[in-house]
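Fold the following and give me the result.
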Amino acid sequence: MKIIRFTSKQLEKIYNRQFSRSKRVEEKVRQIIEDVRLLGDDALIRYTKKFDGVKLMPRQLKVSQIEISGAYQSITPNFVSTLKIIMENINKFYRKNIRKSWRIKDSEGFILGENYQPLEKVGIYIPAGTAPLVSTVYMSVLPAKIAGVKKIILISPPDKQGRINPHILVVADLLKVDEIYRVGGAQGIAALAYGTKTIPRVDKIVGPGNIYVTEAKRQVFGFVDIDMLAGPTELVIIADRFSDPRFIIADLKAQAEHSQGIAILITNSRSLAKEVKSQTENINGLIILTKNLQQAVDISNKIAPEHLEILVNNPKRLLRQVKNAGAVFLGPYSPTAVGDYVAGPSHVLPTQGTARFFSGLSVLDFTKSSHIISYSKKALEKVKEPLEKVAGIEGLSKHLESVRVRF
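Got it, this is the predicted structure:
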């Protein structure tokens, strides 16, 4: 890791980083999506053979209940009991996240409100490239379940033998995922967006993936909803001379386990910066030296990282100044790993600086609202004059008449 000053021009590149796109990837994904839209299962089978090296029959796209049941024989001992503890943590957190429908009434006779309803069908994408992201299954499915989503479809690319990791299958089964399909990549996203003879069309697609998956989500957005466009994972650590360098070094190395992961230490301690640098030479990241901790928080807010660890002596004092971060981890015993696996809040978080306007995945992502408007004749008469003025300015005479006819 390289040490830079808070005045470095290199910081501008970090502030302005964005999702990497290329014309080649964009065109390739557009063709895949069009093929799946027009040819359905035939295109899925062709691309699964091309990209995953697996030849499937149409009936093999869907994972059978026999295969799911057999997965229990191949999982780590005590995995199910461990999972139940984690699920309880997630349930506790997201139960607080549920929104209730509401109404306000007036003596004049109008009623206003919002009705909150869960989405009907959601697609969950689970990568299985460098590592089977078992944790992403429960971190994505449980908020949808708690929201009350009627049908959850999970897709994941198969290995060379045409199988999906047994732990992924077991988690999905325990969470009562309705259907599981062995398909991945841009073709899998297209199948969820448009539907095929085998795979049903969904209302929203969530889950991380490689550049092809992310580009496919970008291209189908608007036809279906998506959670976010995720880039490489990010970690910012704010520390001072009281912070334990062993914890910082361990957390930076953990971040480096992710390919293309970004790791940044911001500190006002030159001695800490030098010590950390000596142990993290091969890590993709930076050490930023600041004048004080206030400046450190200001820089972090501009970066708007996915994960922010505050390892100073009194982290709650700095928390009040944090404006932009996907998830904030306070104190020396709250590493990002606890958020990745067991704490409760989903680890599906905004990257690329989008924490300025996006939030981590939650129950709210799986709900929608309808405005409720009810006026009595008396209430409508009270607003007739201002309504007529605005409609008159806009020149929409039929709008005016639709009100006048009621009197």
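
buried sites along stretch 145-163?
Across stretch 145-163, burial judged by 16 or more other C-beta atoms under 10 Å covers 145-147, 149, 151-158, 163. For glycine as for every other residue, the C-beta is placed from the backbone atoms N, C-alpha and C.

what does stretch 6-21 give?
Residues of stretch 6-21 classed as buried: F6, L11, I14, R17, F19 (neighbour count, 16+ other C-beta under 10 Å).

Any stretches of the stretch 101-250 of the chain with poor pLDDT?
Within the stretch 101-250 of the chain, the stretches falling below the threshold (pLDDT under 70) are 129-130.

ok, which stretches of it are strands?
Taking DSSP state E, counting those that start in this stretch as the criterion, the stretch 101-250 of the chain contains strands spanning 102-105, 111-118, 121-125, 151-155, 179-181, 204-206, 225-226, 234-239.

from the buried residues of stretch 145-163, which is closest to G195?
I153 (10.2 Å; C-beta to C-beta).

For that closest one, list the residues it contacts.
By C-beta atoms under 8 Å, 6 or more residues apart in numbering, the residues touching I153 are 121-124, 177-181, 192, 199-200, 202.

Next: P335.
With contacts defined as C-beta under 8 Å, 6+ apart, P335 is in contact with F247, A250, D251, A254, E309, F329.

Secondary structure element holding the fifth one?
When secondary structure is defined by DSSP states H and E, E309 falls within strand 307-310.

Could you check how far that strand is from the centre of its chain?
Per C-alpha atoms, centre = their mean, to the nearest Å, the displacement of strand 307-310 from the mean C-alpha position of its chain is 18 Å.

Same check on stretch 241-248?
Worked out by C-alpha atoms, centre = their mean, stretch 241-248 lies 30 Å from the chain centre.

Between the two ends of that stretch, what distance do you get?
Terminal residues of stretch 241-248 lie 12 Å apart, using C-alpha to C-alpha, to the nearest Å.

Now do the buried residues in it.
Counting neighbours by 16+ other C-beta under 10 Å, one finds that the buried residues in stretch 241-248 are S243, P245, F247, I248.

again with stretch 284-301
Of the residues in stretch 284-301, 284-290, 293, 296-301 count as buried by neighbour count, 16+ other C-beta under 10 Å.

Over to stretch 303-318?
So for stretch 303-318, counting by 16+ other C-beta under 10 Å, buried means I303, A304, P305, E306, H307, L308, E309, I310, L311, V312, P315, L318.

Excluding covalently adjacent residues, which one is nearest to the second one?
Pointing back at A304 there. The spatial neighbour of A304 that comes closest, neighbours along the chain excluded (C-beta to C-beta, 6 or more residues apart in numbering), is N324 at 3.6 Å.

re the thing from before, need the strands of the stretch 101-250 of the chain in JSON lines (columns: distance to I168).
Converted to JSON lines, the strands of the stretch 101-250 of the chain look like this (distance: least, C-beta to C-beta, whole Å):
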{"stretch": "strand 102-105", "distance to I168": "38"}
{"stretch": "strand 111-118", "distance to I168": "24"}
{"stretch": "strand 121-125", "distance to I168": "10"}
{"stretch": "strand 151-155", "distance to I168": "8"}
{"stretch": "strand 179-181", "distance to I168": "8"}
{"stretch": "strand 204-206", "distance to I168": "15"}
{"stretch": "strand 225-226", "distance to I168": "21"}
{"stretch": "strand 234-239", "distance to I168": "25"}
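
Tell me what K204 is bridged to.
For K204, the beta-bridge assignment (DSSP bridges) gives partners V122, D225.

That one contacts M228, correct?
No - counting by C-beta atoms under 8 Å, K204 does not reach M228; the two are 11.4 Å apart.

what's the burial count for G53?
Burial measure for G53: 12 neighbouring residues, criterion other C-beta atoms under 10 Å.

And it, how close does it get to I199?
Counting by C-beta to C-beta, to the nearest Å, the gap between G53 and I199 amounts to 21 Å.

related to what we said a few turns ago, in helices, which of the buried residues of stretch 284-301 appear?
L293, A296, V297, D298, I299, S300, N301 (DSSP state H).
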